[in-house]
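K.L.:
Model the following, please.
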Amino acid sequence: MPAIKSLTITCDALNENETFSEGDTLTGKVTLALLKVTTVEGLIVKAKGDADVRWTKKSGDRTHTSHAHKRYFKLKQFLIPENSTETVVPQGIHVYKFSFNIPPRSMPSSFKGMYGKIVYKLEVKLSRSWRMDRTVEKDICFVSKSYPNLHSLMSRQVGSTKKEMGLFSKGHVQMDVIVDKSAYAPGETLAIVAKINNSSSSEMIPKFSLIQNVVYRANSSTKHVSSVIHKVVDNGIKSQTQKDVRCAIQIPRVQMPTIQNCDIISVEYHLKAYLDISFAFDPEITFPVVIIPPDLVPGRQPGGAEGPYPAGAAGGPSNSDFLPPAVSIDPYPVSPHSGSYGYPGAQRYSAPPPAYQNNSLAYAGPPGVYPAQPAHINRGYNNPVPQLDSPYGYPFSSSSTSSVLHPPPSAPTFPPPPPAPSTSPPPFSISPTAPTYNELSFAPMMNTDFLCQSDEAPPEYSLLFPSSATDKSDAK
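P.N.:
Residues are numbered from 1 along each chain as shown. A predicted model of the protein is given here:
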């Protein structure tokens, strides 16, 4: 008859999503059920985080394998110490509690992809003499909170592109795009406003794509995997017309966050706004998109609705067939004057608009309308967000009266991290404030013809119109 009935490991949740981050305290219990008295050499529980990538490439008869490994931490506790003499464990159910402090340094989020993975897990191993080791593993979901310059990622992005048409068309086309910010949590809505002036002889179709790029690195080789998360297509824009396009793309609630703090795996997102033109290169603008954990979104209320837009809200009028965004966004206020871009409804600016190259990333709009944008986001993660000590203790209760509760061994201690600086970004407002225009004052209407006025006295009436008496006397 086997001696071990079961060996299980459970972890205490810190939140409703059962996720862990840098600096959290990881607690749980190991349950060992024995059918008879058993001699044990050791019972060990480990917590570790590792990243691995691997792929093969075949060239002729040879196969080359690219592989890389990165370890972030490995913690170990002895629930039954390893001694020179074996430990006799009586029959019954034995519960052992454990506790680990996750290091507070920057580490990437959990990830599983086509050519690699980032895995955090708990592992318990029971060793017996002359027996195979019994091992049980449990994955834990790790969500990194190391996003430097998070405040600057809440500012809006502005980009512009202009294309001169080629052999099969004449004229040019210009597209200006505004995105409300750079950082989004899963479930939030990405709001886009595009103003398109088609001064060419071709018809074009505005398209918007949210794209994920995953890069695997090993042995100086890279593997790229790109996929479209969501795509929106608007109606075509006819020749010699202009159109304001407004659309909203919702980040999927199960979308994994951005990973930029791993040496061998990176996960990045970007929004591509482009015009599909037949027989021509498509002008496009790309904007970086950073997906962050919901807890890092400024002003988010626990249990509140996902996304910054209230349900059922409607936007302003638009020429687009898209559903309007939840808030009215109008970066181009209506003016009776024609703008410098050639749009009848655009504002007139005192300075010429900045020049943008095709397929370029821009963060500044025309002067006087768009505020100065922050510098390009930092691609490094050298400033991890410090974490406070976990408020959770050892939530545990045994429902079996025959269980034996073993106290946890002493856990390694880490110095407490410094408190996180409090930053609160200003509230988001997409619509720039339109400058005030005063109506032209007109001169009052007069019936007098000033061009015929003279300083000389007017001639006498008798000279201009002789009397009838005088006419009669002359006739006689």
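K.L.:
how about stretch 98-105: buried residues?
P.N.:
Under the neighbour-count criterion of 16 or more other CB atoms under 10 Å, stretch 98-105 has 98-104 buried. The C-beta positions use only the backbone N, C-alpha and C, and glycine is treated the same way.
K.L.:
Please apply the same query to stretch 137-148.
P.N.:
By 16+ other CB under 10 Å, the buried positions in stretch 137-148 come out as 140, 142-148.
K.L.:
closest to residue 35 among the residues you listed?
P.N.:
Among these, residue 140 lies closest to residue 35 (CB to CB), at 29.8 Å.
K.L.:
Determine the number of other residues adjacent to the residue nearest to the closest one when sequence neighbours are not counted.
P.N.:
Distance criterion CB to CB, 6 or more residues apart in numbering; nearest residue to residue 140, sequence neighbours excluded, is residue 120 at 5.0 Å. Here the count is done by other CB atoms under 10 Å, and residue 120 has 22 residues near it.
K.L.:
can you check the one 5 residues further on too?
P.N.:
In terms of burial, residue 125 registers 16 neighbours under the definition other CB under 10 Å.
K.L.:
what helix or strand is it on?
P.N.:
Assigned by DSSP states H and E, residue 125 belongs to strand 116-127.
K.L.:
can you list the domains in this structure?
P.N.:
When the chain is parsed with automatic domain parsing, its domains come out as 4-146+384-406, 165-383.
K.L.:
In CSV, list these along with distance to residue 157 and mean pLDDT.
P.N.:
Formatted as CSV, the domains of the chain follow (distance: least, CB to CB, whole Å; pLDDT from 0 to 100):
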stretch, distance to residue 157, mean pLDDT
domain 4-146+384-406, 22, 86
domain 165-383, 4, 72
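K.L.:
Can you lay out these as a markdown table showing distance to residue 152?
P.N.:
Converted to a markdown table, the domains of the chain look like this (distance: least, CB to CB, whole Å):
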| stretch | distance to residue 152 |
| --- | --- |
| domain 4-146+384-406 | 15 |
| domain 165-383 | 4 |
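K.L.:
I'd like to know which of these lies nearest to residue 156.
P.N.:
Once these are compared by CB to CB, domain 165-383 is nearest, at 5.4 Å.
K.L.:
Tell me what residue 87 is bridged to.
P.N.:
Beta-bridge partners for residue 87, by DSSP bridges, are residue 40.
K.L.:
Identify the residues contacting the residue nearest to residue 140.
P.N.:
20, 47-49, 110, 139-142 (CB atoms under 8 Å, 6 or more residues apart in numbering).
K.L.:
Ok, residue 2 next?
P.N.:
residue 35.
K.L.:
now do residue 141
P.N.:
17-20, 110, 120.
K.L.:
Quick check: PyMOL command selecting the buried ones in those residues.
P.N.:
Restricted to buried positions by 16+ other CB under 10 Å, the PyMOL selection for the contacts of residue 141 reads:
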select buried, resi 19+20+110+120
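K.L.:
Quick check on residue 264: phi, psi?
P.N.:
Per-residue torsions, residue 264: phi -110, psi -10 (degrees, to the nearest 10).
K.L.:
which residues touch it?
P.N.:
Residues counted as contacts of residue 264 (CB under 8 Å, 6+ apart) are 51-53, 68-70, 116, 216-218.
K.L.:
before we move on, back to that, the contacts of residue 120: which two are farthest apart?
P.N.:
48 and 141 (14.7 Å).
K.L.:
Going by neighbour count, list what's buried in stretch 203-219.
P.N.:
204, 206-212, 214-218.
K.L.:
If we only consider those residues, which is nearest to residue 60?
P.N.:
For those, the closest approach to residue 60 (CB to CB) belongs to residue 218, at 21.1 Å.
K.L.:
quick one, what contacts the residue lying closest to the closest one once chain neighbours are set aside?
P.N.:
Distances taken as CB to CB, 6+ apart place residue 68 nearest to residue 218, at 3.7 Å, with adjacent residues excluded. Applying CB under 8 Å, 6+ apart to residue 68 gives the contacts 52-54, 217-219, 264.
K.L.:
quick one: which of those residues is nearest residue 227?
P.N.:
For the contacts of residue 68, the nearest to residue 227 is residue 53 (17.6 Å; CB to CB).
K.L.:
Tell me which helix or strand comes right after the strand holding residue 125.
P.N.:
Following strand 116-127 toward the C-terminus (DSSP H and E): strand 134-142.
K.L.:
which element follows that next one toward the C-terminus?
P.N.:
Per DSSP H and E, strand 134-142 leads on to strand 157-164 as the next helix or strand towards the C-terminus.
K.L.:
who does the next helix or strand after that following strand pair up with?
P.N.:
Next helix or strand after strand 157-164 toward the C-terminus (DSSP H and E): strand 171-179. Using DSSP bridges, strand 171-179 pairs in its sheet with strand 157-164 (antiparallel), strand 189-200 (antiparallel).
K.L.:
just so I know, which of the ones you listed lies nearest residue 129?
P.N.:
Of all these, it is strand 189-200 that lies closest to residue 129, at 60.1 Å by CB to CB.
K.L.:
packing partners for the next helix or strand after that closest one?
P.N.:
Downstream of strand 189-200, the first helix or strand assigned by DSSP H and E is strand 204-218. On a contact count with 3 or more CB pairs under 8 Å, 6 or more residues apart in numbering; DSSP states H and E, strand 204-218 meets strand 42-59, strand 62-80, strand 189-200, strand 221-233, strand 241-250, strand 265-277.
K.L.:
will you turn those strands into JSON lines that also has distance to residue 171?
P.N.:
Listed next are the helices and strands packed on strand 204-218 as JSON lines, based on distance: least, CB to CB, whole Å:
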{"stretch": "strand 42-59", "distance to residue 171": "47"}
{"stretch": "strand 62-80", "distance to residue 171": "49"}
{"stretch": "strand 189-200", "distance to residue 171": "4"}
{"stretch": "strand 221-233", "distance to residue 171": "23"}
{"stretch": "strand 241-250", "distance to residue 171": "12"}
{"stretch": "strand 265-277", "distance to residue 171": "12"}
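K.L.:
Between those, which one is closest to residue 130.
P.N.:
Closest approach to residue 130 among the helices and strands packed on strand 204-218 (CB to CB): strand 42-59, 14.2 Å.
K.L.:
Pull out the buried positions in the closest one.
P.N.:
Applying 16+ other CB under 10 Å to strand 42-59 flags 42-49, 51-53 as buried.
K.L.:
can you tell which of the strands paired with strand 171-179 is closest to residue 293?
P.N.:
Nearest to residue 293, of all the strands paired with strand 171-179, is strand 189-200, at 16.8 Å by CB to CB.
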